[in-house]
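In: This is a predicted model, with the sequence first.
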Amino acid sequence: MAADQGAGFEQYRRPTKRDAFLATMEQIVPWQELCAVIEPYYPKPGNGRPPVGLERMLRMYFVQHWFNLADEACEEALLDSTALRRFVGIDLGRERVPDGTTLLKFRRLLEQHELGKQLFATVGQVLQARGLKVGTGTIVDATIIAAPSSTKNAERTRDPEMHQTRKGQQWYFGMKIHIGVDSRTGLAHSAVVTAANVHDKHPLPDLLHGNEQRVYGDSAYASQKALIESKAPNARDFTNQRVRKGGVIDEVERAKNRNKSKVRARVEHVFAVVKRLWGYTKVRYRGLQKNATRCFVALGLANIFLARQRLMA
């Protein structure tokens, strides 16, 4: 009787949204190209314990990003979920799940060699090779990622590399992700990570590729023609301008801003994936470098996700 029940085990199971998501990522993530970025730095088999396969560790690392998991929580999720084990390529009947310490060492390897930037750049190269080329319009924007402001920790201090800033009447403590997004494809092609107190305008030249004809941005980038021309001399300034002058609202300028915002709004799609879908609204580590690596990888994965229909086609 038990054998009969085992033969029909989970016969009524249907694919979940997680199954569909992982199946899509399995097909469209450029595994070979991304592994090639890390391979020169990855431990080679020697006399000691053989390292876990590189692609397996990269898959586990991406699962950590997609589902916003700490190192130990990622190990627990793999032990708990058949779908995640199948995606990473683990058979519990033959092998163990890589533990949280192994994932920690892999993450530190990427941080030490600043491979997050290289993975982000490689994703961009792969997407361009598949027809998603960078155009002549760039949208710039920034978002705040919160950090713990409490001093109830071992050092009795806040992270010295994070700072506070005010947005409206609200104060925030943490860092900023500044990105440049192609106005045609809606994909991020550049990024800079700073403390939260750095004004949006300062990383502006680093967010442009230099061949722009138009630059879009919110009013934080108003009146920055000199900065734009320093990197993209042929670009026209399509950033939103301030509409209140001398206490009077300029309705003509407001209408122009409204038209510009129809294009500028595409930058929010990238932030929506990183912050809402991936759940990256708070830093997990201390220091800008560690968090910058996570930011670049998250942006690369967001580009792949946003381009998934075109990549599948």
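Out: Received it, and whenever you're ready, just let me know what you need.
In: Quick check: longest strand in the protein by residues?
Out: Longest strand of the chain, by residue count under DSSP state E: strand 170-182.
In: quick one: average pLDDT of whichever helix or strand comes after that one?
Out: Reading on from strand 170-182 to the C-terminus, the next helix or strand found by DSSP states H and E is strand 188-195. Average pLDDT, strand 188-195: 97.
In: what does stretch 278-292 give?
Out: For stretch 278-292, the mean confidence score works out to 94.
In: What distance separates the opening and closing residues of that stretch?
Out: From its first residue to its last, stretch 278-292 covers 15 Å (C-alpha to C-alpha, to the nearest Å).
In: Going by neighbour count, which residues in it are buried?
Out: By 16 or more other C-beta atoms under 10 Å, the buried positions in stretch 278-292 come out as Trp278, Tyr280, Val283, Arg286, Leu288, Lys290, Asn291, Ala292. Yep, even glycine has a C-beta here, placed from its N, CA and C like the rest.
In: ok, which pair from the residues you listed is furthest apart?
Out: Trp278 and Arg286 (20.1 Å; C-beta to C-beta).
In: Just the buried residues of stretch 231-246, please?
Out: Lys231, Ala232, Ala235, Asp237, Phe238, Thr239, Asn240, Gln241, Val243.
In: Is it correct that the fifth one falls within a strand?
Out: Looking back up the chat, that one is Phe238. Yes: assessed by DSSP: H, G, I helix; E, B strand; the rest coil, Phe238 belongs to a strand.
In: and the closest residue to Arg264 other than its chain neighbours, what is it in contact with?
Out: Nearest residue to Arg264, sequence neighbours excluded (C-beta to C-beta, 6 or more residues apart in numbering): Tyr216, at 4.5 Å. Listed by C-beta atoms under 8 Å, 6 or more residues apart in numbering, the contact set of Tyr216 reads Gly137, Thr138, Ile139, Val140, Ser183, Phe238, Thr239, Lys260, Val263, Arg264, Val267.
In: Test my guess that the last one contacts Val181.
Out: Yes: under the criterion of C-beta atoms under 8 Å, Val267 makes contact with Val181 at 4.6 Å.
In: So which of the two has more stuff around it?
Out: Applying other C-beta atoms under 10 Å to Val267 and Val181 shows that Val181 carries more neighbours, namely 29 against 25.
In: coming back round to it: may I ask which of the contacts of Tyr216 has the most neighbours?
Out: Result: Thr138 is most packed of the contacts of Tyr216 (other C-beta under 10 Å), 30 neighbours.
In: Give the other helices and strands that the helix or strand harbouring that one contacts.
Out: Using DSSP H and E, Thr138 maps to strand 137-146. Contact here means 3 or more C-beta pairs under 8 Å, 6 or more residues apart in numbering; DSSP states H and E; on that basis strand 137-146 packs against strand 170-182, strand 214-217, helix 251-264, helix 267-271.
In: model confidence over it, on average?
Out: Per-residue pLDDT over strand 137-146 has a mean of 96.
In: tell me the angle of that strand relative to helix 251-264?
Out: Here the directions of strand 137-146 and helix 251-264 differ by 80 degrees (axes from the mean of the first three to the mean of the last three C-alpha atoms, to 10 degrees).
In: just checking, next helix/strand downstream of strand 137-146?
Out: For strand 137-146, the succeeding helix or strand toward the C-terminus, using DSSP H and E, is strand 163-167.
In: Sheet partners, orientation included, of that next one?
Out: Here strand 163-167 has these sheet partners by DSSP bridges: strand 170-182 (antiparallel).
In: Flag every buried residue along the strand it pairs with.
Out: Residues of strand 170-182 classed as buried: Tyr172, Phe173, Gly174, Met175, Lys176, Ile177, His178, Ile179, Gly180, Val181, Asp182 (neighbour count, 16+ other C-beta under 10 Å).
In: go on, stretch 143-152?
Out: Going by neighbour count (16+ other C-beta under 10 Å), the buried part of stretch 143-152 is Thr143, Ile144, Ile145, Ala147.
In: What sits closest to Val52 if chain neighbours are left out?
Out: Pro98 (5.1 Å).
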